[in-house]
Structures are given as structure tokens and as C-alpha cells.
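S.K.: This is the structure alone, sequence omitted:
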């Protein structure tokens, strides 16, 4: 079955430290990969996407993600976390063959002052 | 540029009552999506429109849910009758096209069924 996995429900990191939010996928072909962030009582906001090309993608608010085809991963990273980064993060994958769109279950990020 | 607009933001109804949600996508976006998001979960696609055509409604519970996008712009999602298990956030999103384009989400409608 095709799916997206975010293995950590919760990630805590100290302000100023680097952060990583993990995502792995199981989708046929070469999928398109996305990261979204959701603040309380808000809709999802687009952070970045990988379509093709350079495996390191830079996005909004200083976030970046690295596509690793061999490990079928697309981990979200930021060199220095801010308290305002505390939110719910969703990885999403579009299956090009079936044109399906799958979201992970989300990872709650808490940045501790 | 205005984002995706949804109304109402919150709705509380009793079970067996009907309810409708409205979505106005970003101007020029041909593709419109309705998602259901349960607490602590990722969004799950209910239906996807390309202009006025519903091209993927395989996850829409058709016995009680219906949707329309008559002029290929705004859209309405209806539940009739609502059940307790329908309590969730209903998200609308739009994109220029379906392929590589980013989906932009509205703020959602939080439905509570009592």
C-alpha cells in the first residue's frame, strides 16, 4: 500500500539548536514531495516541495528538506530553531502515476526557549 | 492576493441535521480539493475537482456527503444527515493545476455534531 510515514508524533528541540522532522514514503515511481505547517486553528501553509533536480530544497522561513531516493525519505530541517517554529508539520506525497495525494499523520514540533 | 476562503469557520449542529460548507478558491486556480482532518491526523482527501468536473470522489461517502462546483469556481460540500462521527475539520484547498502545483489551503470549517 502506498503511504507516507512520519515516525515521530512529537519533536522537542531547544531554541537555537538544529531541528529535523522525519518523513519516509512508500509510493511508486518518482513522487512529488511536500512539507506543510499548521498553526492552531489555521489551515495548512506550504513550506517547500521537491519535484526534480537538486536533492536539497530550500523553502519558507529558513526551512529546507533533503530528498533521499535510496532511503525514500524527505526530512525537513532547519539550522537554528525559533520558538515561533512550534507547530504541526505534515509531509505529503503526490503519486504521479495515480495522481493521488497522501498526507502523513503529522509531527508536533515544540521549540523550547 | 486573497487566499482560499471558507465559511463558516465553526459550525455546531445536532446529529441528523444537514450542514453545508462553502469554499472560494484562489482566483484562476482550476483544481479544488475538499479534505477531512480528524484531530491529530493528516488531511484525507474527500473529493477533487478539475474545473467543474469531479475527477476523484472515491473517498467521499456518497450516502450522506455531496459536493458541487457548478461554475468551476466556488464549491459547496454538504452532509445530510450528519452523524456524530462527522465531527472534524473540513479543509478546502486549490491549485493552478493538479500536477506539480502547490495546494493552498483555507482555514477550514470545524464541525461539531452533538
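M.R.: Sure thing, it's come through. Note that the coordinates shown come from a computational prediction; the quantities given were computed from them, not determined experimentally. Numbers count the residues shown, from 1 in each chain, chains lettered A, B, ... in the order given.

S.K.: use CA for all of it now, contacts and neighbours both
M.R.: OK.

S.K.: list the buried ones in whatever helix or strand residue B:46 lives in?
M.R.: When elements are assigned from DSSP states H and E, residue B:46 belongs to strand B:44-50. Within strand B:44-50, the residues that count as buried by 16 or more other Cα atoms under 10 Å in any protein chain shown are B:44-50.

S.K.: helices and strands around it, which ones?
M.R.: In this structure, strand B:44-50 packs against strand A:100-103, strand B:31-37, strand B:53-56, with contacts taken as 3 or more Cα pairs under 8 Å, 6 or more residues apart in numbering or on different chains; DSSP states H and E.

S.K.: now these as CSV including mean neighbour count?
M.R.: Compiled in CSV, the helices and strands packed on strand B:44-50 are given as follows (neighbours: other Cα atoms under 10 Å in any protein chain shown):
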stretch, mean neighbour count
strand A:100-103, 20
strand B:31-37, 25
strand B:53-56, 15
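
S.K.: could I get those strands as TSV with distance to residue A:25?
M.R.: Compiled in TSV, the helices and strands packed on strand B:44-50 are given as follows (distance: least, Cα to Cα, whole Å):
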stretch	distance to residue A:25
strand A:100-103	9
strand B:31-37	20
strand B:53-56	22
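
S.K.: What is the neighbour count of residue A:12?
M.R.: Taking other Cα atoms under 10 Å in any protein chain shown as the neighbour definition, residue A:12 ends up with a count of 13.

S.K.: on that earlier part again, between the strand holding residue B:46 and strand B:31-37, how many degrees?
M.R.: With axes from the mean of the first three to the mean of the last three Cα atoms, to 10 degrees defining the directions, strand B:44-50 sits at 170 degrees from strand B:31-37.

S.K.: Tell me where the model's unsure across chain B.
M.R.: For chain B, applying pLDDT under 70 flags the ranges B:1, B:98-100.

S.K.: Enumerate the beta-bridge partners assigned to the residue nearest to residue B:45 when sequence neighbours are not counted.
M.R.: Across the structure, with Cα to Cα, 6 or more residues apart in numbering or on different chains as the measure, the residue nearest residue B:45 apart from its sequence neighbours is residue B:35 (4.4 Å). Listed by DSSP bridges, the beta-bridge partners for residue B:35 are residue B:45, residue B:91.

S.K.: Now do the same contact list for residue A:27.
M.R.: For residue A:27, the residues meeting the contact criterion (Cα atoms under 8 Å, 6 or more residues apart in numbering or on different chains) are A:2-4, A:93, A:95.

S.K.: residues near the residue of chain A at minimum distance from chain B, how many?
M.R.: In chain A, the residue that lies nearest chain B is residue A:43 (4.0 Å; Cα to the nearest Cα). Other residues within reach of residue A:43, judged by other Cα under 10 Å, total 22.

S.K.: That one against residue B:108, yeah?
M.R.: Yes. With contact defined as Cα atoms under 8 Å, residue A:43 counts as touching residue B:108 (5.9 Å).

S.K.: tell me, what's touching those two both at once?
M.R.: In terms of Cα under 8 Å, 6+ apart, residue A:43 and residue B:108 are both contacted by the residues residue B:91.

S.K.: how much space between the residue of chain B at minimum distance from chain A and residue B:19?
M.R.: Chain A sits closest to residue B:107 of chain B, with a gap of 4.0 Å, by Cα to the nearest Cα. When distances are taken as Cα to Cα, to the nearest Å, residue B:107 and residue B:19 turn out to be 18 Å apart.
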